[in-house]
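Student: Build me a model:
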Amino acid sequence: MQLEALRACVDLLLLHSPEALLGNGGEAAASSTTLEVELSQLLTPLLQGPPGALRTAAACGLARLLHAGRTRSSTLLARLLLIHFEEVTTNDAASSEELRQFLSVFFAAASGSAAAAADVAAAALPAVRTVLAAAPGSADASVQLEPLVNFVAALTRPEAAGGNAAPEVHEELALALCCEAALEPDEKEGRLLPRCLPQLVLPAGGARLAALAAVVTKLEKALTDKVALKKLGEFASEVDRKRAAGEAAEAAEEEVDLGALLSAHEALRRADPELAAARDAEGSRARDEDADEERRATPRKGAPPPRAGRKRLAKSKATPARVGLELDENATANEVA
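Tutor: Below is the predicted model:
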């Protein structure tokens, strides 16, 4: 029943506009926002659920709605990216493989326009944050970040979008990934995200290259992972080359306020709903583990005291007096013999 109701909802949204279904008259923007919120509330629990027919129907229905332009949501699109790259389990391998093939076709079609390519690029950062904050052993934790970012980079290259993709798409994505790593250089962000940067194509003389260079310089001083440092060095050379190739390099560039840039990125990071939920879940799990350890370390009421008497008795057997007594007994026995 739930499966059929879900399919019916998707079909209605494909056939009718949000304004007609939600009754907002000519307020198209309000209708789209309301639809995005309601879709997120409806589909997110299903998309985060275990593999099966219901999750497959929810993911395929969402992909159809996104492809038809009925809704635009970087959060929901990020969830499709995660499903596409999560590790396939043996419990429902056939359903997972079918869904993966469907999403491959969907993402390939999404790279055909500049707007769709920009939406896919905007979904990369929420997907990355979800993976980094995922609990160990969960489906999200099984996603490998480097293949995911490389996939997004390939989909959003200008030549992949029919030559119509905005050149700043990779520039903005690179800046977001670098800021994310700069905020946590000693954590997984700092170890993993710089490895994804060399796949991004930067525009010559881009408007954000100066800011990108400032963040990369700060990150180079903070990183300790050797592989991440090597990849970041390759990317830094590309940033310098593209800055030198642009016309803006000849003019005086505005000074970059690095502190303000990172503060603004951190504010957006804290406002990410999926990241906040993942952190709350991780904090709750850590508190439960601490409470379990404390309970194991604290003796229960009414429990018998430690058996110190037996230890003292065992120790008393090894005293010099006891040893001397045993030697006397042995000597007497020898004399009798």
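Student: which ones are touching the residue nearest to V128 when sequence neighbours are not counted?
Tutor: Ranked by CB to CB, 6 or more residues apart in numbering and with sequence neighbours excluded, the top spatial neighbour of V128 is L145, at 6.2 Å. C-beta: built from backbone N, CA, C; applies to glycine. Residues near L145 by CB atoms under 8 Å, 6 or more residues apart in numbering: V128, V131, L132, L192, L193, R195, C196.
Student: Among these, which one lies nearest to L3?
Tutor: Nearest to L3 among the contacts of L145: V131, at 28.3 Å, using CB to CB.
Student: quick one: the closest one and V149 touch, right?
Tutor: No. If you go by CB atoms under 8 Å, V131 and V149 don't touch, sitting 10.2 Å apart.
Student: Any idea how many residues pack against D186?
Tutor: 11 (other CB atoms under 10 Å).
Student: next one: phi and psi at it?
Tutor: As for D186, its main-chain torsions (degrees, to the nearest 10) stand at phi -90, psi 0.
Student: quick one: contacts for it?
Tutor: Applying CB under 8 Å, 6+ apart, the residues contacting D186 are A222, T224.
Student: How about C178?
Tutor: Counting by CB under 8 Å, 6+ apart, C178 has contacts L193, P194, L197, L212, V215, V216, L219.
Student: switch the cut-off to 10 Å
Tutor: Residues in contact with C178 (CB atoms under 10 Å, 6 or more residues apart in numbering) are 193-194, 197, 211-216, 218-219, 232, 235, 239, 262, 265.
Student: Just the ones in helices from these, please.
Tutor: Using DSSP state H, the members of the contacts of C178 that fall in helices are 211-216, 218-219, 232, 235, 239, 262, 265.
Student: mind putting those in JSON lines, distance to A8, neighbour count and pLDDT included?
Tutor: Converted to JSON lines, the ones in helices among the contacts of C178 look like this (distance: CB to CB, whole Å; neighbours: other CB atoms under 10 Å; pLDDT from 0 to 100):
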{"residue": "A211", "distance to A8": "48", "neighbour count": "20", "pLDDT": "91"}
{"residue": "L212", "distance to A8": "47", "neighbour count": "25", "pLDDT": "93"}
{"residue": "A213", "distance to A8": "52", "neighbour count": "18", "pLDDT": "93"}
{"residue": "A214", "distance to A8": "52", "neighbour count": "19", "pLDDT": "93"}
{"residue": "V215", "distance to A8": "48", "neighbour count": "25", "pLDDT": "94"}
{"residue": "V216", "distance to A8": "50", "neighbour count": "23", "pLDDT": "94"}
{"residue": "K218", "distance to A8": "52", "neighbour count": "18", "pLDDT": "93"}
{"residue": "L219", "distance to A8": "49", "neighbour count": "24", "pLDDT": "94"}
{"residue": "L232", "distance to A8": "50", "neighbour count": "23", "pLDDT": "95"}
{"residue": "F235", "distance to A8": "48", "neighbour count": "25", "pLDDT": "94"}
{"residue": "V239", "distance to A8": "50", "neighbour count": "22", "pLDDT": "92"}
{"residue": "L262", "distance to A8": "47", "neighbour count": "19", "pLDDT": "81"}
{"residue": "H265", "distance to A8": "41", "neighbour count": "19", "pLDDT": "80"}
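Student: Quick check: the residue nearest to V128 vs A127, distance?
Tutor: Relative to A127, L145 is positioned 9 Å away (CB to CB, to the nearest Å).
Student: Mind listing the shared neighbours of those two?
Tutor: Counting by CB under 10 Å, 6+ apart, the common neighbours of L145 and A127 are F85.
Student: Against which helices or strands is whichever strand or helix holds L42 packed?
Tutor: Using DSSP states H and E, L42 sits in helix 28-47. Identification of packing neighbours for helix 28-47 by 3 or more CB pairs under 10 Å, 6 or more residues apart in numbering; DSSP states H and E yields helix 2-15, helix 18-22, helix 53-67, helix 74-85, helix 273-297.
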